[in-house]
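[1] With the sequence up front, the predicted model follows.
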Amino acid sequence: MMLVMRILIMIVKLAATVIPLHIRSTAMVFLAAALAVTAFSRASAQTPAWAKVSPAQEEAAKKLDVPVAFENSVGMRFVLVPPGKFMMGSRDTAEEVARRCAMPNAQAGWFVDEHPRHEVTLDRAFYLSIHEVPQGSFEAVNAPNEDKAKPAKNKQKPVDYPEGFIGATLPAMSISWNDADKFCKTLNALAAEKGREYSLPTEAQWEYACRAGTTTPFSFGETISTDQANYHGNHTYGDGRKGEYRAKPVPVGTFPPNTWGLHEMHGNVSEWCADHYGNYDDTDAEKKKSAEAGARVLRGGSWRSYPGACRSACRLMERGASFNVGFRVSCAVPTKTP
Ligand SMILES: [Ca+2]
């Protein structure tokens, strides 16, 4: 690329000395067009067509000199989430959220853990998978027939999915927190993934990525529709309308992404976060107690959730696994050695 640039500059320098003025102007126009094409080609080469990223993500990637998106060896796609600050928690009071859920039994007590709303700074960019981990990738990492030389302890048992819940592009479900964590560790150990460090996203990373710069209850706005996410469409949130209740998960990537190119952050399957569940204003002693109790955080709601449970701020405490629970994976941005 540098060689091409040098040749173009040499042509213009030559033009400046030996070519008449009107032809020189033409040469300048040619150079400007060539430079524009060069810059465009560079940007296109770095951003795959599937990555629906924002200018902020492109800018962060350029600054860090890392790709804005990549696909790993088991077909999982990742986009760069830029560093930044956001307000974590619900903009609306627990009472207001309960009212907007428009369900006879909805109560403020369900939503108090979204408060106090507080500012969080994410100093470092990170990658996040644009989809919930699909069954195809889950099995590719854990395939019992693959690489028999590896110790069996690195393999996870396949999940017995119910009929209609099986498909390579459907999300992996009935995954416990330990299963999800183990998947990340197994992925880290794959030779093809050397140099990458995968983990579950922290709860703050998850909400920051889900919001993608928004402060509304959903990344799509004040409410959500069943054209935007897979949830229990017999229920509504705020001014939303009733819609289809599919009663099962759908293939990952079915619905439009948020501003940062992330699909199904709302609904489909609930997603594990790395954190132990606790209140935002817990003391260290309370946090320790919560960690000992072993409960972890689930985010985003699922195919069987009412839409209020799919909001960006909504938190669920969980210990087990069921057919509405899956996960997505974050990947650290490699630090460059000078
Ligand atoms: Ca989800």
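    Okay, I see it.
[2] Once you drop chain neighbours, what's closest to residue 268?
    Using C-beta to C-beta, 6 or more residues apart in numbering and skipping the chain neighbours, the partner closest in space to residue 268 is residue 230 (4.6 Å). From N, CA and C alone the C-beta is placed, and that goes for glycine too.
[3] what's near enough to touch that neighbour?
    Taking C-beta atoms under 8 Å, 6 or more residues apart in numbering as the criterion, residue 230 is in contact with 246, 249-250, 254-255, 264, 267-268, 302-303.
[4] how about a cut-off of 7 Å?
    Contacts for residue 230 (C-beta atoms under 7 Å, 6 or more residues apart in numbering) come out as 246, 249-250, 267-268, 303.
[5] and residue 218, bridged to which residues?
    Residues in a beta bridge with residue 218, per DSSP bridges, are residue 221.
[6] Now do the contacts for it.
    224, 266, 311-312.
[7] in its sheet, what does the lengthiest strand in the chain sit against?
    When the chain is scanned for its longest strand (criterion: DSSP state E), the result is strand 270-276. Strand 270-276 pairs in its sheet with strand 296-299 (antiparallel), strand 325-326 (parallel), by DSSP bridges.
[8] out of these, deepest packed?
    Ranked by mean neighbour count, the strands paired with strand 270-276 are led by strand 325-326 with a mean of 28 (mean count of other C-beta atoms under 10 Å).
[9] how far does it sit from the chain's center?
    Offset of strand 325-326 from its chain centre (C-alpha atoms, centre = their mean, to the nearest Å): 14 Å.
[10] Say whether the ion is contacted by it.
    No - interface with the ion: strand 325-326 contributes nothing (C-beta under 5 Å from the ion), its closest point being 7.1 Å away.
[11] interface residues of this structure facing the ion?
    With C-beta under 5 Å from the ion as the criterion, the chain meets the ion at residues 264, 268, 300.
[12] From what I see, the last one and residue 273 are in contact.
    No - assessed by C-beta atoms under 7 Å, residue 300 is found out of contact with residue 273, at 9.7 Å.
[13] Comparing the two, which shows the higher neighbour count?
    Using other C-beta atoms under 10 Å as the criterion, residue 300 and residue 273 rank with residue 300 on top: 28 against 25.
[14] ok, that one to residue 138 distance?
    Residue 300 is 18 Å from residue 138, where distance means C-beta to C-beta, to the nearest Å.
[15] Now, the residues of the chain next to the ion that are in strands?
    Per DSSP E, the residues of the chain next to the ion never map to strands.
[16] can you redo these as a markdown table with pLDDT?
    Shown next, in a markdown table, are those (pLDDT from 0 to 100):
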| residue | pLDDT |
| --- | --- |
| 264 | 98 |
| 268 | 98 |
| 300 | 98 |
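[17] Pull out the buried members of the contacts of residue 218.
    Buried by 16 or more other C-beta atoms under 10 Å: 224, 266, 311-312, out of the contacts of residue 218.
[18] Rounded mean pLDDT for stretch 238-254, please.
    Average pLDDT, stretch 238-254: 98.
[19] got it, and stretch 161-180?
    For stretch 161-180, the mean pLDDT works out to 93.
[20] per-residue pLDDT, the residue nearest to residue 268?
    Note on residue 230: pLDDT of 98.
[21] got a list of what the one residue in the stretch 101-250 of the chain that gets nearest to the ion touches?
    As assessed by C-beta to the ion, the ion sits closest to residue 132 within the stretch 101-250 of the chain, at 5.3 Å. Residues in contact with residue 132 (C-beta under 7 Å, 6+ apart) are 171, 252, 264, 268-269, 271, 326-328.
[22] Ignoring the adjacent residues along the chain, who's closest to it?
    residue 171 (3.9 Å).
[23] before we move on, what about residue 319?
    Nearest non-adjacent residue to residue 319 (C-beta to C-beta, 6+ apart): residue 295, at 5.4 Å.
[24] Could I get the contacting residues of that neighbour?
    Residue 295 makes contact with 276-277, 317-319 under the criterion C-beta under 7 Å, 6+ apart.
[25] buried set for stretch 329-336?
    329-331, 333.
[26] what do you get for stretch 228-235?
    Buried residues in stretch 228-235 (16+ other C-beta under 10 Å): 228-233, 235.
[27] and it, how far apart are its ends?
    Across stretch 228-235, the terminal residues are separated by 14 Å (C-alpha to C-alpha, to the nearest Å).
[28] swap in stretch 230-240?
    In stretch 230-240, first residue to last residue: 14 Å (C-alpha to C-alpha).
[29] now stretch 83-98
    32 Å.
[30] Report the distance from stretch 56-75 to the chain centre.
    For stretch 56-75, the distance to the chain centre is 13 Å (C-alpha atoms, centre = their mean).
[31] Now for the contacts of residue 230, which sits with the most neighbours around it?
    Neighbour counts for these (other C-beta under 10 Å) peak at residue 268, which has 32 neighbours.
[32] That one and residue 82, how far apart?
    For residue 268 relative to residue 82 (C-beta to C-beta), the value is 25 Å.
[33] go on, residue 49?
    For residue 49 relative to residue 82 (C-beta to C-beta), the value is 21 Å.
[34] okay, residue 81: pLDDT?
    98.
[35] Who are the contact partners of it?
    Residues near residue 81 by C-beta under 7 Å, 6+ apart: 125-128, 209, 260.
[36] and if we set it to 10 Å?
    Residue 81 is in contact with 53, 56-57, 60, 122, 124-128, 201, 205, 208-209, 212, 260-262, 330, 333, counting by C-beta atoms under 10 Å, 6 or more residues apart in numbering.
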